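A.B. asks: let me see the structure of the following:
(one chain, ligands or ions: 1)
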Amino acid sequence: MATEKHTPVGYDDTPMLPDQPWRVHDKNRPAPKVVTPGASAGDAPSDAVRLFDGTDLSMWQSRDGGAPTWKVENGYVEVNPRTGNIQTKDEFGSVQLHLEFACPAEVRGSSQGRGNSGVFLMGNYEVQVLDGYDNPTYADGTTGAIYGQFPPLVNATRPPGEWQVYDIVFEAPQYNGGALKAPAYLTVFLNGIVLHNRKAALGPTGHRNASSYDTPHGPIGPLMLQDHGDPVRYRNIWIRPLGGYDEG
Ligand code: MG
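C.D. replies: Presented below is the predicted three-dimensional model:
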């Protein structure tokens, strides 16, 4: 009946849920916010921040605050080798991130010298971008590694030159004063295949050193893309800030 949709639906005589202020099927519990999905899989939903839609880098800057010189054409942005990393002007904490990347079709170099770039959450936590297709390198540095810490569960890379998809859920670390309350957690899908399932990072990314949370950082930071000297391409980058996980 037409009037039913405005009537609270649920119960007020059911058991309380543990550690929640709600009953099972609580009729007073707020409904989730409506988000309209993108037209196709991978398209930005209605509440996403579109960081790069294929046209310009207005949401980005170089690390010194200047305009990035990475090349935008044909709906993608390409690393301008040895001009430096780029990062978003906005800063984020816990997020859902979607982006697509392609390593150079022409294979040059090997190991870490082949199609290397990287996605740095909060400017600190690198999910490795590498041409890891039939390219031996150290396991915690291959495509999808939490760099220097954890190899991906599997190598799910496509051949060089092909577009690939990252979907990442990042939970920002939490500090209580100078003490770590909760580490950063990363859940990473590459091309729809899970590489990390809520993996606790050991600390901000390092190279040839052990990471730790000994030096606290702020609750938000920019999304950064790495210039490692290779012309890696990116497209369709969007992000959704996430609330605290304690809120359920
Ligand atoms: Mg890298």
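
A.B. asks: going forward, measure contacts and count neighbours with C-alpha atoms only.
C.D. replies: Will do.

A.B. asks: low-confidence regions, the chain specifically.
C.D. replies: Where the chain drops to pLDDT under 70, the residues are 1-6, 244-248.

A.B. asks: and it, which residues reach the ion?
C.D. replies: Taking CA under 5 Å from the ion as the contact definition, the chain meets the ion at 117-118, 128.

A.B. asks: looking at these, which has the most residues close by?
C.D. replies: Within those, Ser117 tops the neighbour count with 28 neighbours, counted by other CA atoms under 10 Å.

A.B. asks: just grab the bridge partners of the closest residue in space to Arg233 that isn't next to it in sequence for me.
C.D. replies: With CA to CA, 6 or more residues apart in numbering as the criterion, Arg233 has its nearest non-adjacent residue at 4.3 Å, and that residue is Glu78. Bridge pairing for Glu78 (DSSP bridges) gives the partners Lys71, Arg233.

A.B. asks: how many other residues sit next to Glu78?
C.D. replies: By other CA under 10 Å, neighbour count at Glu78 equals 21.

A.B. asks: surely it and Val72 touch.
C.D. replies: Yes - here Glu78 reaches Val72: they are 6.4 Å apart, a contact under CA atoms under 8 Å.

A.B. asks: for the nearest residue to Ala67 once chain neighbours are set aside, name its beta-bridge partners.
C.D. replies: Spatial nearest neighbour of Ala67, chain neighbours left out: Gln61 (5.1 Å); criterion: CA to CA, 6+ apart. Counting by DSSP bridges, Gln61 is bridged to Gln87.

A.B. asks: just to check, Gln61 is in contact with Thr83?
C.D. replies: No - look at Gln61 against Thr83 with CA under 8 Å: they stay out of range, at 11.9 Å.

A.B. asks: which of those two has more neighbours?
C.D. replies: Taking other CA under 10 Å, Gln61 and Thr83 do not tie; Gln61 has more neighbours (19 against 14).

A.B. asks: measure that one to Tyr125 for me?
C.D. replies: For Gln61, the distance to Tyr125 equals 19 Å [CA to CA, to the nearest Å].

A.B. asks: before we move on, back to that, which of the residues of the chain next to the ion fall within helices?
C.D. replies: Among the residues of the chain next to the ion, no residue falls in helices (DSSP state H).
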